[in-house]
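Engineer: Please find the sequence and the predicted model below.
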Amino acid sequence: MESFNCLWLPHMIDFNLYREWNKYEEVLYDVFIHDFVYSKPLFEGKPVNIRKHPIVLEREQAFFHITSVDKTFNPENPDDRIPDIKRCARIKWVRKIIENYLCNEGCCSLIKYWRELYKGRERIHLLFEEVRFLVIVEEKGDL
């Protein structure tokens, strides 16, 4: 597993520690609900809300978005999704990058940040360039 110098950047969750997808997915979902359902990160002083619907297999849509390859996910048939192990391993990073994107520590210069319009809404892109890990926050009035 890779390591970085940011003190706020959590360790990745290694699939090899679990060896079964169902066990691993439960661990990932526990992180997800802790970071985005039970509490919410703040971005520019506003709470970040996740996309909840459609709820499939008792999981919010945002969970599948964070852990799967986008272009193949069909919310009507979650068995069609292809988990992205690199995304899964970094699930703890999403909240931390949102909360620390302006950090001035050594590795934080690796996080590039820009805004752009997408379908009439502003999206903020937070790119951890060294590992090509992108977090997107979309402005929807209250984020």
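Structural biologist: Cool, the structure landed. Numbering: from 1, shown residues only.
Engineer: tell me which element the residue positioned nearest the centre of the chain falls in.
Structural biologist: Closest residue to the average C-alpha location of the chain: Val94 at 3.8 Å, with Cα atoms, centre = their mean. Element membership for Val94 (DSSP states H and E) is helix 91-100.
Engineer: And that helix, what does it pack against?
Structural biologist: Packing contacts for helix 91-100, counted by 3 or more Cβ pairs under 8 Å, 6 or more residues apart in numbering; DSSP states H and E, involve helix 21-33, strand 42-43, helix 61-67, strand 121-128, strand 133-138. (Glycine included, C-beta is placed from N, CA and C.)
Engineer: Rounded mean pLDDT for that helix, please.
Structural biologist: For helix 91-100, mean pLDDT rounds to 93.
Engineer: doesn't Ile55 make contact with Gln61?
Structural biologist: Yes - contact status for Gln61 versus Ile55: in contact at 7.2 Å, counting by Cβ atoms under 8 Å.
Engineer: So which of the two has more stuff around it?
Structural biologist: Remark: of Gln61 and Ile55, Gln61 carries more neighbours, 16 against 11, as counted by other Cβ atoms under 10 Å.
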